[in-house]
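**Student:** Give me the fold of what follows.
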Amino acid sequence: MTLHFTHARLIDPQTGTDALGSLTVEGGLILAINAPAPAGAEVVDCGGKCLAPGIVDLGVKIGEPGERHRESFRSAGLAAAAGGVTTIIARPDTHPAIDTPETLEFVTRRAAEASPVRIRHMAALTKGRAGKEMTEIGFLLDAGAIAFTDAEAVSTDTKALSRAFSYARSLGALIIGHPQEPGLSKGAAVTSGKFASLRGLPGVHPMAERMGFDRDMALVEMTGVRYHADQVTSARTLPALERARKNGLTVTAGVSIHHLTLNEIDVGDYRTFFKMTPPLRSEEDRLAMVEAVANGLIDVICSMHTPADEESKRLPYEEAAPGAVGLETLLPAAMRLYHAGHLTLPELWRALSLNPADLLGLPQGRLAPGAPADLVLFDPDAPFVLDRFTLRSKSKNTPFDGSRMEGKVLATYVGGARVFTAGES
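**Tutor:** Numbering: from 1, shown residues only. Have a look, this model is predicted:
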């Protein structure tokens, strides 16, 4: 089928442009930009709404295997399609962890059968994510692993980690680290400071992130491995990140949309939907992260989608599970940064789509002839009040419940096939 999108506001993160135009899709690929409609093409009138590359969401937790009651490949795929996410990069922190080629092949097959969007998988860096013995990185690469991470399980065995980094370097594999000093951060529920003291909650100093990042940078310098920090959330870490880049280390960094749009005060009266890992930071830290995305120091914005059921969230704040769902709220939450004048739409899509695709060697994330026709059509100005019970995720733990938001996905396409249309159940 040939599709011709007309009267579209094309958001191209590769060229940095935001302009009215047309786009033609054929055979699952983008055929042309601003060309006449081919004979017999199905014409889609976008009515001046935004057409952008589908979001590549790096770091999504899905509950298969082991926690399917929290999220399945099917429910995650439906939520992603409704949120304009066309490629999910799934984390390996499952039960059991994705640490063998057999487990990786199982989840790859299940995802392909169940999800309407693309799902690629990261594998664990160490067996059982225990930080002691590295996984079979070469075999996992052959089985389709796109990167290696132990997620929030930070190893304290630096020697084992150095061996894993060295072996990954020899194979050209990407390591995704969680910069955090595990001793300082153990048992913490919020960022330390006046607010934590007023609420009587155990906190962790933001320097714990900087200390963990510095440790990882020493290992990167020693081994030469490609490294991506999954979440940089503290202004104290930014000078170290900038210094690593200037020293020639192959280092990139991401940040979750929650750390860009919320701060520690949002915890309010012990609202557990706002409990994250790392915890929400000060407003000064939040603004520093927004600026770092704008100037390119932070490369990737992700949802860090972490489903949690009601039983694990309806607990005292210290005991509640951390994390929030974000596949459907990533785009409207990102529109807060656009409407506040912090980032343009091409700048946002550079971090949401182009950069994560380039980091992982994927062809997605761009509006260019020959690129996959993974697209999202959205209205950046459409207002709505979020009701968490309308989310397609099995778990409903969103901090945006009841929030006034702007930005609605109108349609999502994967390989030129429409996988979501607003208003259709």
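**Student:** any idea how far His205 is from the closest residue to Lys275 other than its chain neighbours?
**Tutor:** In space, and not counting its chain neighbours, Lys275 is closest to Pro322: 4.9 Å by C-beta to C-beta, 6 or more residues apart in numbering. C-beta coordinates here come from the backbone N, C-alpha and C atoms, glycine included. Applying C-beta to C-beta, to the nearest Å, the value for Pro322 to His205 is 17 Å.
**Student:** Ok, Leu141 next?
**Tutor:** Taking C-beta to C-beta, one finds Leu141 at 37 Å from His205.
**Student:** ok, now which ones touch the residue nearest to Lys275?
**Tutor:** Counting by C-beta atoms under 8 Å, 6 or more residues apart in numbering, Pro322 makes contact with Lys275, Met276, Thr277, Pro279, Thr306, Ala308.
**Student:** Count the neighbours of Asn247 for me.
**Tutor:** 11 (other C-beta atoms under 10 Å).
**Student:** Now do the contacts for it.
**Tutor:** Glu221.
**Student:** list the contacts for Arg271?
**Tutor:** Residues counted as contacts of Arg271 (C-beta under 8 Å, 6+ apart) are Pro399.
**Student:** phi, psi of it?
**Tutor:** Here is the backbone geometry of Arg271 (degrees, to the nearest 10): phi -80, psi 110.
**Student:** quick revisit: give me the buried entries from the contacts of Pro322.
**Tutor:** Lys275, Met276, Thr277, Pro279, Thr306, Ala308 (16 or more other C-beta atoms under 10 Å).
**Student:** distance of the closest residue to the fifth one other than its chain neighbours from Ala308?
**Tutor:** This means Thr306. Using C-beta to C-beta, 6+ apart and skipping the chain neighbours, the partner closest in space to Thr306 is Gly323 (2.7 Å). Counting by C-beta to C-beta, the gap from Gly323 to Ala308 is 6 Å.
**Student:** about what we covered before: would you quantify the distance from the residue nearest to Lys275 to Ala308?
**Tutor:** Distance, Pro322 to Ala308, using C-beta to C-beta: 8 Å.
**Student:** Isn't Phe273 up against Gly402?
**Tutor:** No. Contact between Phe273 and Gly402 fails when scored by C-beta atoms under 8 Å: they sit 10.4 Å apart.
**Student:** Among those two, which residue is more densely surrounded?
**Tutor:** Neighbour comparison, Phe273 and Gly402: the larger count goes to Phe273, with 20 against 10 (by other C-beta under 10 Å).
**Student:** which residues of this protein fall in helices?
**Tutor:** Per DSSP state H, the chain carries helices over the ranges 73-82, 101-114, 137-142, 158-171, 182-185, 194-199, 207-223, 238-246, 257-261, 283-294, 310-313, 330-339, 345-349, 355-359.
**Student:** Those helices: which one's closest to His121?
**Tutor:** His121 lies closest, by C-beta to C-beta, to one member of the helices of the chain: helix 101-114, at 5.9 Å.
**Student:** now the closest one against helix 73-82, angle please.
**Tutor:** If you take axes from the mean of the first three to the mean of the last three C-alpha atoms, to 10 degrees, helix 101-114 sits at 60 degrees to helix 73-82.
**Student:** if we can go back for a sec, common neighbours of Gly323 and Ala308, please.
**Tutor:** Asn397.
**Student:** Taking the centroid of the chain, which residue is nearest it?
**Tutor:** Cys302 (2.5 Å; C-alpha atoms, centre = their mean).
**Student:** who's that residue bridged to?
**Tutor:** For Cys302, the beta-bridge assignment (DSSP bridges) gives partners Ser256.
**Student:** how far away is it from Ile98?
**Tutor:** 18 Å.
**Student:** first to last residue in stretch 182-192, what's the distance?
**Tutor:** 15 Å (C-alpha to C-alpha, to the nearest Å).
**Student:** List of residues touching that stretch?
**Tutor:** Taking C-beta under 8 Å, 6+ apart as the rule, stretch 182-192 contacts 154, 156, 196, 199, 201-208, 211-212, 264, 267, 275, 278-282, 317-318.
**Student:** now do 6 Å
**Tutor:** 154, 156, 196, 201-205, 208, 264, 279, 281, 317-318 (C-beta atoms under 6 Å, 6 or more residues apart in numbering).
**Student:** Any buried residues in that stretch, and which?
**Tutor:** For stretch 182-192, by 16+ other C-beta under 10 Å, it's Pro182, Leu184, Ser185, Ala188, Ala189, Val190, Thr191, Ser192.
**Student:** next one: stretch 223-243
**Tutor:** Under 16+ other C-beta under 10 Å, the buried positions of stretch 223-243 are 223, 225-238, 240-241.
**Student:** Just give me the closest of the contacts of Pro322 to Asp374.
**Tutor:** Thr306 (23.7 Å).
**Student:** Over to the closest one: give its phi and psi.
**Tutor:** phi -140, psi 90.
**Student:** dump the residue contacts of Ile62.
**Tutor:** Glu71, Ala76, Ala90.
**Student:** Local confidence estimate at it?
**Tutor:** We have a pLDDT of 97 for Ile62.
**Student:** quick one: it from Ala112, how far?
**Tutor:** Counting by C-beta to C-beta - Ile62 and Ala112 are separated by 13 Å.
**Student:** and what of Ala97?
**Tutor:** 20 Å.
**Student:** So between the two, which is more surrounded?
**Tutor:** Ala97 (24 against 11).
**Student:** Need the pLDDT of that one.
**Tutor:** Ala97 is given a pLDDT of 97.
**Student:** Settle this for me: it is touching Arg129, isn't it.
**Tutor:** Yes. With contact defined as C-beta atoms under 6 Å, Ala97 reaches Arg129; the gap is 4.9 Å.
**Student:** Now the phi/psi pair for the residue nearest to Lys275, please.
**Tutor:** phi -80, psi 160.
**Student:** which one of the buried residues of stretch 182-192 sits closest to Leu51?
**Tutor:** The closest of the buried residues of stretch 182-192 to Leu51 turns out to be Thr191 (C-beta to C-beta; 38.5 Å).
**Student:** Distance of that closest one relative to Gly203?
**Tutor:** Thr191 is 6 Å from Gly203, by C-beta to C-beta.
**Student:** just Glu310 next, same as before
**Tutor:** 26 Å.
**Student:** So for these two, which residue has more residues nearby?
**Tutor:** Comparing Glu310 with Gly203 by other C-beta under 10 Å, the one with more neighbours is Gly203, at 19 against 10.
**Student:** Which pLDDT value goes with that one?
**Tutor:** pLDDT, Gly203: 93.
**Student:** Which residue is the nearest non-sequential neighbour of it?
**Tutor:** Counting by C-beta to C-beta, 6+ apart, the residue nearest Gly203 is Ser192, at 3.1 Å.
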